[in-house]
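Undergrad: Quick check, what structure comes out for this input:
(one chain, ligands or ions: 1)
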Amino acid sequence: MSTARTEERLLAALRSGRWAVSGAHTGEESFENTFAQRFAEFVGTAHAVPTCNGSAALTIAIEALGVGAGDEVLVPGLTWVACASAVLRVGAVPVLVDVEPDTLCMSVAAAEAAITPRTRLIMPVHVYGSAVDMDAMTALAGRHGIPVLEDCSHVHGARWRGRRLGSLGQVGAFSLQQTKLLTSGEGGVAVTSDPEIHDLLSRKRADGRRRRVGTPVGELELEELPGVQGYNYCMSEFNAAVALDGLDRLDGENARRRVAMRRLDDLLAEVEGASPLSRPAGLTEDAAYQYCVRLAPAVFGQNCKHVVAEALSRELGLHVEPIDSALTDNVLYQPLASGWTKASAERARLLDPRRFRLPVAEREGEHCVLLPHRMFLAPPEDIALVADALRRVRDQLVRV
Ligand SMILES: *Cc1c(COP(=O)(O)O)cnc(C)c1O
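TA: Down below sits the predicted model:
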């Protein structure tokens, strides 16, 4: 959603003449740095580093946490492909871990069972308005001395025991892609409270350059120093201007959506074969990028996600998506078609997603549909239409 304020900020970025981190300093604070400060404040971390997308935020975070070629990273088996492909991108091995049936988030017990002497990072991903049990997860990581990178791309603004998700691991990463709760079209941001990790994140996203405080007008706000291998993953001034504006509205919109989502939780109790995800007690304020409806195969049919998503989209006149399939069987996760398998036959074996057995992710990945977050800004009364539509879809399927 954009407002008149979004347009003003975007025009201000355009007219400033500075469009990039690597543009000349105008004497004004860049939108990018203003967004970094505001977002860190929002999450409650000391620092934030904006990036060109969420995948880039994950990539610099993985590298900044010391992960590299051959290291193992625990990734949930039911998530957007970028979580695993960011691990591939640094030459590490994604180890796919099963999820909890009631939250669809990474199972801490399964994560523990997957730890080996080569595990260098755990990447819990909070999905569909629920969350990983962060009490158990941080305890597990602490016992093994393994850092935690939280992927919060679904849950901007949610809180675990009062603290924002993203501030509980060593680094938190967020996508600001078009469909997310906070968006700049394309964009991402990584947060941390560790000054050394912050310096690495910040330099890795700007080809190794460091922000130069007190830069004279007309010069670059970046200085070249040795010691860090970086890439250009910077967020543009236009994206930062748009993201800043959404941040002002985020808590208010999340609160409105939460009321409507609780209403749907209650209504689903009356729809045979449909159920919401559950939320762990530690998740004191939830936020959901998509509302996940779980469908019982006995009522809606085996592998019913496509049929139900299509029928429900027709009934509601908006796009209802089938959930992404588990990464063990996902058309977008094709590590064997990447150059990383050239290193050795052993490497190809390690990257093969089919070596993992994820019964819960594989089942749930075919039996859920996702409602877009924007519909939960509608008046809460309208939510009854969703439950009615689901009932009609069920009746149609039963009749066939
Ligand atoms: C959207 C998303 C990403 C990737 O973000 P991009 O901005 O598209 O690169 C990563 N993880 C999760 C869980 C996501 O939903």
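Undergrad: Excluding covalently adjacent residues, which one is nearest to the residue nearest the centre of the chain?
TA: Centrality entry for the chain: nearest residue to the mean C-alpha point is Ser153, 2.1 Å, by Cα atoms, centre = their mean. Distance criterion Cβ to Cβ, 6 or more residues apart in numbering; nearest residue to Ser153, sequence neighbours excluded, is Ser175 at 3.8 Å. From N, CA and C alone the C-beta is placed, and that goes for glycine too.
Undergrad: Is the one you found bridged to anything, and to what?
TA: Here Ser175 shows beta-bridge partners Gly188, assigned using DSSP bridges.
Undergrad: And it, how far from the ligand?
TA: With distances taken as Cβ to the nearest ligand atom, to the nearest Å, Ser175 is found 3 Å from the ligand.
Undergrad: Compute the distance between that residue and Glu366, please.
TA: 24 Å (Cβ to Cβ, to the nearest Å).
Undergrad: who's more crowded, the two?
TA: The neighbour count for Ser175 versus Glu366, taken as other Cβ atoms under 10 Å, is higher for Ser175 (29 against 19).
Undergrad: per-residue pLDDT, the residue nearest to Tyr291 when sequence neighbours are not counted?
TA: Of all residues beyond its chain neighbours, the one nearest Tyr291 is Leu371 (4.3 Å), with distances taken as Cβ to Cβ, 6+ apart. Each residue has a pLDDT score; the one for Leu371 is 97.
Undergrad: Spit out the contact partners of the residue nearest to Ser153.
TA: Residues in contact with Ser175, defined by Cβ atoms under 8 Å, 6 or more residues apart in numbering, are Asn53, Gly54, Ser55, Ala57, Ala82, Ser153, Gly187, Gly188.
Undergrad: Quick check: nearest residue in space to Cys234, chain neighbours excluded?
TA: Excluding its sequence neighbours, the residue lying closest to Cys234 (Cβ to Cβ, 6+ apart) is Val21, at 4.3 Å.
Undergrad: Confirm for me that Val108 is in contact with Met134.
TA: No. In terms of Cβ atoms under 8 Å, Val108 does not count as a neighbour of Met134; the distance is 9.3 Å.
Undergrad: Next one, pLDDT for Ser107 please.
TA: The model's pLDDT for Ser107 equals 98.
Undergrad: Run a quick neighbour tally on it.
TA: Here the number of neighbours of Ser107 (other Cβ under 10 Å) works out to 25.
Undergrad: For Thr183, see how far away it is.
TA: Per Cβ to Cβ, Ser107 is found 30 Å from Thr183.
Undergrad: wait, what's in contact with the residue nearest to Tyr291?
TA: By Cβ under 8 Å, 6+ apart, the contact list for Leu371 reads Leu264, Gln290, Tyr291, Val293, Val320, Val386.
Undergrad: The nearest residue to the second one once chain neighbours are set aside pairs with what?
TA: What that stands for is Gln290. Leaving aside its sequence neighbours, Gln290 sits nearest to Leu370 (Cβ to Cβ, 6+ apart; 3.9 Å). Counting by DSSP bridges, Leu370 is bridged to Cys292, Glu321.
Undergrad: mind listing what Leu370 touches?
TA: Leu370 makes contacts with Tyr128, Gln290, Tyr291, Cys292, Val293, Ala309, Val320, Glu321, Pro322, Ile323, as judged by Cβ under 8 Å, 6+ apart.
Undergrad: who wins for neighbours among these?
TA: Neighbour counts for these peak at Val293, which has 29 neighbours (criterion: other Cβ under 10 Å).
Undergrad: Please report how far the residue nearest to Tyr291 lies from the ligand.
TA: Distance of Leu371 to the ligand, computed by Cβ to the nearest ligand atom: 15 Å.
Undergrad: again with Gly129
TA: In this structure, Gly129 and the ligand are 12 Å apart, going by Cβ to the nearest ligand atom.
Undergrad: related to what we said a few turns ago, so what pLDDT did the residue nearest to Cys234 get?
TA: Val21 is assigned a pLDDT of 97 by the prediction.
Undergrad: from memory it sits against Ser30, does it?
TA: Yes. When contacts are counted by Cβ under 8 Å, Val21 is listed as touching Ser30 (6.8 Å).
Undergrad: Overlap in contacts, the two.
TA: With the criterion set as Cβ under 8 Å, 6+ apart, the overlap between the contacts of Val21 and Ser30 is Glu221.
Undergrad: Where does the record place the domain boundaries for the protein?
TA: 4-249, 250-399 (automatic domain parsing).
Undergrad: Deepest in the core, which of those domains is it.
TA: Across these, the average number of neighbours (mean count of other Cβ atoms under 10 Å) peaks for domain 4-249, which reaches a mean of 21.
Undergrad: quick one: terminal-to-terminal distance for it?
TA: End-to-end span of domain 4-249 (Cα to Cα, to the nearest Å): 13 Å.
Undergrad: cool, and stretch 115-126?
TA: End residues of stretch 115-126 are separated by 20 Å (Cα to Cα).
Undergrad: do you know how far whichever residue of the stretch 301-400 of the chain sits closest to the ligand is from His154?
TA: At 9.1 Å from the ligand, Asp324 is the closest residue in the stretch 301-400 of the chain, using Cβ to the nearest ligand atom. As judged by Cβ to Cβ, Asp324 and His154 stand 12 Å apart.
Undergrad: do the same with His198
TA: For His198, the distance to His154 - Cβ to Cβ - is 24 Å.
Undergrad: Check Cys234 too.
TA: Relative to His154, Cys234 is positioned 24 Å away (criterion: Cβ to Cβ).
Undergrad: now do Arg212
TA: Counting by Cβ to Cβ, the separation of Arg212 from His154 is 35 Å.
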